[in-house]
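Asker: Quick one, structure for this:
(4 chains)
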Number of protein chains: 4
Amino acid sequence: MQQSTKALLRLREMILSGELGIDERLSEPRLVERIAVSRTPIRVALVRLEHEGLLEALPSGGYKIRMFDKQDIFDAIELRGTLEGLVARRAAENRPTRAALADLARPLATLDRILARERLSEDDFSHYMSANATFHDALLALAASPVLQESLTRSTAMPFASPSAFVMAQAGLPESRQILNIAQYQHHRLFEAIEAGESSRAEDLAREHARLAKRNLEVVLEHESAASQLPGLQLIKGATAG
Amino acid sequence: MQQSTKALLRLREMILSGELGIDERLSEPRLVERIAVSRTPIRVALVRLEHEGLLEALPSGGYKIRMFDKQDIFDAIELRGTLEGLVARRAAENRPTRAALADLARPLATLDRILARERLSEDDFSHYMSANATFHDALLALAASPVLQESLTRSTAMPFASPSAFVMAQAGLPESRQILNIAQYQHHRLFEAIEAGESSRAEDLAREHARLAKRNLEVVLEHESAASQLPGLQLIKGATAG
Amino acid sequence: MQQSTKALLRLREMILSGELGIDERLSEPRLVERIAVSRTPIRVALVRLEHEGLLEALPSGGYKIRMFDKQDIFDAIELRGTLEGLVARRAAENRPTRAALADLARPLATLDRILARERLSEDDFSHYMSANATFHDALLALAASPVLQESLTRSTAMPFASPSAFVMAQAGLPESRQILNIAQYQHHRLFEAIEAGESSRAEDLAREHARLAKRNLEVVLEHESAASQLPGLQLIKGATAG
Amino acid sequence: MQQSTKALLRLREMILSGELGIDERLSEPRLVERIAVSRTPIRVALVRLEHEGLLEALPSGGYKIRMFDKQDIFDAIELRGTLEGLVARRAAENRPTRAALADLARPLATLDRILARERLSEDDFSHYMSANATFHDALLALAASPVLQESLTRSTAMPFASPSAFVMAQAGLPESRQILNIAQYQHHRLFEAIEAGESSRAEDLAREHARLAKRNLEVVLEHESAASQLPGLQLIKGATAG
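Answerer: Down below sits the predicted model:
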C-alpha cells in the first residue's frame, strides 16, 4: 500500500472512531508520528478529507474535525437523493436495452429472495447490503456519465450520507423490517419507471428513496443500543448526550 | 345546425358578451323565447355550460352565471399548465418518430418566420395564433391519449384558461412582443426536450409556458383599452371597476 | 328525489351493472320506459354521463356505452394522480396552520390504528376506506381552491379512476395488506411534506400514491374471484375473457 | 500569499491557458521549478485540482490534464442546474422574510437597469456579470445550508460549468442579447416563485436557467472569433479544430 493511501485510510478511521480530539487543531507532527508516514502524505490526506467533508480548514491554517448537526446530515441526504434522482432520470432517458436492464433486474431479484424470509439473520443483512449496492451501481452504470458518477461518489463520501450508513446499526430494531420492505417496493417502481422511459417518475422515486436514510437516522438515534453501533456518532452534535 | 348546438353556441355567446344579467337566476322560459328553440335543448345547453364552468347550479334548482375572481383564473391557468405538462411528459416518453416530430417542427418554423418581422400586423397576430394552436394540437397528438385529450379540452373550455384567451386583447400592447419571444423560446426548448426523451424537462417547460397566460392577464388588466377588448371581462369580479 | 337525479343515478347503475347492452345505441324511449321518468331528465342524464366519461356521443346522434382498454384506465389514474399532485403542492404552499393540519392528522391516526391489527375484517376495510376518504378530503380542503376541487372531482368520476375503485374487490387478497401498508407510509410522508412546506416533494408523493391504483387493478384482474366483484368489469375491453 | 495558494492559482492558470502539454503525465520536478515553490505545495495543488475536475489521476501514479467532450460539459451544466434547483427549492421552502428577499431584489433591479440599454458596452457586460453573481449568491444565502453551498461551489469549479463561463466570450455576438433577456425573464420568475413559496416551480426554473449555458456553449463554438476567447478551449475534445 502506498504511503498516501495508508495515511488517508488510517486518518479517516481515526476520525470516525473518535480517536482524535474534536474541537482542536490537528497536529501534523503528531499525525506523522502516530501513522508513521512522512509529512507530505499526511498533508495530502488532510486535503482529501477536507474535500470529503470530514475536516474543515481553519482560518489560521491547519484543520480540525468537522462536526455535523442533524440539519447538515439531512441536507447531505437530500443532496445525495437529488443526485441519485438525476442519475435515475438520465438512466430512464437513455432507454436501456433488455441486456442492460438485466443488470438491474438481477440484484432486484436477489433482494426479493432475501426479503421473502420471515426473519433476517445478520448474514441476511450483509447480503441485503451487498445486493443493494449492486442495484445502485447498476443504476449508475445505466446513466453512463462520468461526470454524474464522480459527483455522486463525492456526495456519498460525506459521513452519514452514504446509503448504507445506518443499515447495520439498525439491523436489530423492530422498525428495520418495515423500512426494508418500503425500500424494496421503491426499487421495483424505479425499475418499472426506467424500463418505461418515465424519467420524471424515476427521478421522483430516487429522491424519495434516499429520504429513507433520514428515517433510518431518526430510528437509530432513538435507540441507544443502535446509536452506539453507529460509526462516527461523536461527530453529530448533541447525539451522544441522547 | 341542430337545435341543441344552436342553443349551446348562442347561450355561451350571451354569457360572454354580457347580454344576460349576472347575479340572477336564468329564466328557462325567457331563454326559450330569446333563442327560439324548445325547452329540452335549452336544458341540455345549461347542463353543458355548467360542466364547462360558465354556469353554477343553484341549490334551489336552476342556474346563474358564474363569476370568477383573479385567484380562480390563476388556478384555472395552473390547472391547464399541469395538464399540458402531463401531455408533454407523455409525448416525450412516447419517443416520437422523425415523421411525428415533423408535425411539431412545422408550426414551430412558421412561428419563427412570423416573429422574425420587426413589427407584427393584426394579420401576423392571427397567423401567430393559428400556428400556435397547430403546435399545441401536434403536442396533444404525440401524447396519443384520448383520456388526456378530453381532460385538457375540458380545462381550456373554462373562460380565461384557454391559451389564446388574452392574445388578441393585448395585440397592441408594447409588452406583447417580449411575451411572444419568450413563448417561442419555450416552444423551441419543449421541442428539444421531447425529441431527446427528456420527459421531466418537457413537463416543467409546458407548465411554465402556460404561466405566461397569468402575465398576459395582468398586462391586459393594467391597460383599460386592452381589457375592454377581452370577451367575458364582466365575469371577472372587480375587473370592470379598474 | 328529483326526476333528473333519479334518472342519473339509475342510468349510471344500469351501465356499471351490465344491464344495458354494450356496443349499441341507447334507445331514449326504452330508457324513458324502464326508468319511468319523462324524456327531458333522460336527455340531461345522458349529457351528464357523457361528461363523466361513461357514455360516448355517436356521430349520428345519440349515445352508446363507452368501453375502456387498460391504457385508458392507466391514463385516467395518471391524470387523477397529476391533479392530486397539484392539490398536494398547493396544500404545502398554503402553509396550513396547526389547526388545519389537525384535520389531516386525525384520519391519519385512525388509519394507523386500523392497520395495527394483525388481520383486517371486512368492517376494518370499510373503516379504512372511510378514513382514507376523510384524509383525501382534508387534503383537498387545505388546497383551498374551488377550481382544483371541481377538476379533481370530475377526474374521479370516471370509472376505475376513483381512489377506492379496487379496494373492496381486493379485500380478500394476500397482496392487499402490503399495498395498504405502502399507502399508509405514503400518507405519513405526504403529511410531513405538507407540514414542512415541501411542495415539490408533496406533489411527487401524491402522484406516486395514486399509482398504487394501477397495481391494485393489476392484482384484481389477476384473480378471477376478485375481478368478479369489480363493478363495471364488463366495461374493460378483454377483461371478462380473463 | 501562501506557497500552497500560489501553487494552486498558478497551476490552474497554466492548465486553462494551454501552457502545459495535454495527454502527458505532469512532471512534479518541472512544476516545482516553473512555479518556484517546494514539492509539498505542488503535491497539494495537484490533489485539489483533481478534486476540482481539472486533472485526472493516472493508474501508474501522477496526474495528467483532463480532457472534456461536449457531453461531459453538458452533464456538468445539468449537474450544476440540478444543484441550483435544489438551492432554489430550499430557498422557497424557507419562506424568506421581506428583508431577506430584498437582497435578491436589489441585483434583479440592477440587471433590469443594465438590460434597459439599447446596446451593451463591454462595461455593461462586466456589470451584468457582477450583478448576476450577486443575485445567485443571494439565492444561495436564502437556502441557508452549508452542505448545499459547498456542493454547488464544487460543481461550478469544473471548467465550463460555471454560470459565467461563456458570457464574456459571447459578449460581441448577436445572439447574446436575446439570451440575456431570457435569463433575466427567468430571474424574475424565480424571484416570484421564491416569494410565493412555490418550491416546485422555483426548482424547475433554476434548472432551466442553468441550461442556458448549454446554448451559450453552442453559440460560442459556432463562432470562431468567440471560441478563441474562451479560456480552456483546448481542453474540449475536437473544439479547436472548429
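Asker: Going along the chain, name the strands of chain A.
Answerer: Counting by DSSP state E, one finds strands in chain A at the ranges A:55-57, A:63-65.
Asker: Looking at the first one now, give me its mean pLDDT.
Answerer: Looking back up the chat, that one is strand A:55-57. The pLDDT scores in strand A:55-57 average 92.
Asker: For the residue nearest to the spatial centre of chain A, which non-adjacent residue is spatially closest?
Answerer: Per CA atoms, centre = their mean, the C-alpha nearest to the average position across chain A is that of A:Ser162, at 0.8 Å. Nearest in space to A:Ser162, with sequence neighbours left out and distances taken as CB to CB, 6 or more residues apart in numbering or on different chains, is A:Thr156 at 4.7 Å. All C-beta atoms are positioned from the backbone trio N, CA, C, and that covers glycine.
Asker: thought the one you found was touching A:Ser164?
Answerer: No. Using CB atoms under 8 Å, A:Thr156 is not in contact with A:Ser164; the gap is 9.1 Å.
Asker: Comparing these two, which residue is more hemmed in?
Answerer: Higher neighbour count among A:Thr156 and A:Ser164: A:Thr156, with 19 against 15, using other CB atoms under 10 Å in any protein chain shown.
Asker: What count of nearby residues applies to A:Arg30?
Answerer: By other CB under 10 Å, 11 other residues sit near A:Arg30.
Asker: how much space between A:Ile77 and chain B?
Answerer: Distance, A:Ile77 to chain B, by CB to the nearest CB, to the nearest Å: 21 Å.
Asker: Equivalent analysis for A:Leu140, please.
Answerer: Distance from A:Leu140 to chain B, by CB to the nearest CB: 18 Å.
Asker: check whether the longest helix anywhere in chain A contacts chain D.
Answerer: Ranked by residue count under DSSP state H, the longest helix found in chain A is helix A:70-93. Yes. Against chain D, helix A:70-93 shows contacts by CB under 8 Å from any CB of the partner chain at A:71-72, A:75-76, A:78-79, A:82-83, A:85-86.
Asker: Let me know the average pLDDT across that helix.
Answerer: Rounded mean pLDDT across helix A:70-93 is 96.
Asker: leaving aside the residues next to it on the chain, what's closest to the residue of chain A found nearest chain C?
Answerer: Going by CB to the nearest CB, chain C is nearest to A:Asp204 of chain A, at 3.8 Å. Leaving aside its chain neighbours, A:Asp204 sits nearest to C:Asp204 (3.8 Å; criterion: CB to CB, 6+ apart).
Asker: How many residues are close by that neighbour?
Answerer: C:Asp204: 26 neighbours (other CB under 10 Å).
Asker: How about the contacts made by it?
Answerer: For C:Asp204, the contact set (CB atoms under 8 Å, 6 or more residues apart in numbering or on different chains) comprises A:204, A:207-208, C:85.
Asker: For stretch A:143-158, buried residues please.
Answerer: A:143-152, A:154-158 (16 or more other CB atoms under 10 Å in any protein chain shown).
Asker: What of stretch A:25-40?
Answerer: Applying 16+ other CB under 10 Å to stretch A:25-40 flags A:26, A:31-32, A:35, A:37, A:40 as buried.
Asker: and if you look at stretch A:58-74?
Answerer: Buried residues in stretch A:58-74 (16+ other CB under 10 Å): A:63-66, A:68, A:70, A:72-74.
Asker: Chain A against chain B: which residues are in contact?
Answerer: Residues of chain A lying near chain B (CB under 8 Å from any CB): A:89, A:92-93, A:95, A:196-200, A:203.
Asker: My guess is A:Glu175 contacts A:Val219. True?
Answerer: Yes. The pair A:Glu175 / A:Val219 is scored as a contact, 5.0 Å apart, by CB under 8 Å.
Asker: The two: who's more crowded?
Answerer: Neighbours around A:Glu175 and A:Val219, counted as other CB under 10 Å, are more numerous at A:Val219. The numbers are 20 against 16.
Asker: and the gap between the more buried one and A:Ala239?
Answerer: A:Val219 is 13 Å from A:Ala239, where distance means CB to CB, to the nearest Å.
Asker: could you flag which of the residues of chain A next to chain B are buried?
Answerer: Of the residues of chain A next to chain B, these count as buried by 16+ other CB under 10 Å: A:89, A:92-93, A:95, A:197-200, A:203.
Asker: Could I get the pLDDT score of the residue of chain A closest to chain C?
Answerer: Confidence score, pLDDT, at A:Asp204: 97.
Asker: Could I get the contacting residues of the residue nearest to A:Ser162?
Answerer: Contacts for A:Thr156 (CB under 8 Å, 6+ apart) come out as A:80, A:162-163.
Asker: Tell me the one of these nearest D:Leu111?
Answerer: A:Arg80 (33.3 Å; CB to CB).
Asker: Would you agree that closest one is in contact with A:Ala161?
Answerer: Yes. Applying CB under 8 Å, one finds A:Arg80 in contact with A:Ala161, separated by 5.0 Å.
Asker: hmm, back to that, now do the longest helix of chain A: which elements does it pack against?
Answerer: Secondary-structure packing of helix A:70-93 (3 or more CB pairs under 8 Å, 6 or more residues apart in numbering or on different chains; DSSP states H and E): helix A:122-143, helix A:146-157, helix A:175-195, helix A:199-210, helix A:212-222, helix B:199-210, helix D:70-93, helix D:146-157.
Asker: among these, where is the model least confident on average?
Answerer: Looking at the helices and strands packed on helix A:70-93, the bottom one is helix A:212-222 with a mean of 86.
Asker: still on that earlier bit, to D:Ala45, which of the strands of chain A lies closest?
Answerer: Comparing these by CB to CB, strand A:55-57 comes nearest, at 14.6 Å.
Asker: At the contact with chain C, which residues of chain A appear?
Answerer: Checking chain A against chain C by CB under 8 Å from any CB, the hits are A:178, A:181-182, A:185, A:189, A:201, A:204-205, A:207-208, A:211.
Asker: Only the buried members of the residues you listed: can you turn that into a PyMOL selection?
Answerer: In PyMOL, selecting the buried portion of the residues of chain A next to chain C, with burial taken from 16+ other CB under 10 Å, looks like this:
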select buried, chain A and resi 182+185+189+201+204+205+207+208+211
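Asker: Tell me how many other residues crowd A:Pro174.
Answerer: 9.
Asker: Using the record's assignment, carve chain A into domains.
Answerer: A:3-65, A:70-235 (automatic domain parsing).
Asker: Would you mind putting the ones you listed into CSV with distance to B:Phe135 alongside?
Answerer: Listed next are those as CSV, based on distance: least, CB to CB, whole Å:
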stretch, distance to B:Phe135
domain A:3-65, 47
domain A:70-235, 22
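Asker: Please list the residues of chain A that sit near chain D.
Answerer: A:2, A:39-40, A:43-44, A:47-48, A:51, A:53, A:61, A:71-72, A:75-76, A:78-79, A:82-83, A:85-86, A:145-148, A:150-151, A:154-155, A:158.
Asker: what do you get if the cut-off is 6 Å, keeping everything else the same?
Answerer: Counting by CB under 6 Å from any CB of the partner chain, chain A comes close to chain D at A:40, A:43-44, A:47, A:51, A:72, A:75-76, A:79, A:82, A:86, A:145, A:147-148, A:151.
Asker: In terms of distance to chain B, which of those residues ranks first?
Answerer: So of those, ranked by how close each gets to chain B (CB to the nearest CB), first place is A:Leu86, at 9.7 Å.
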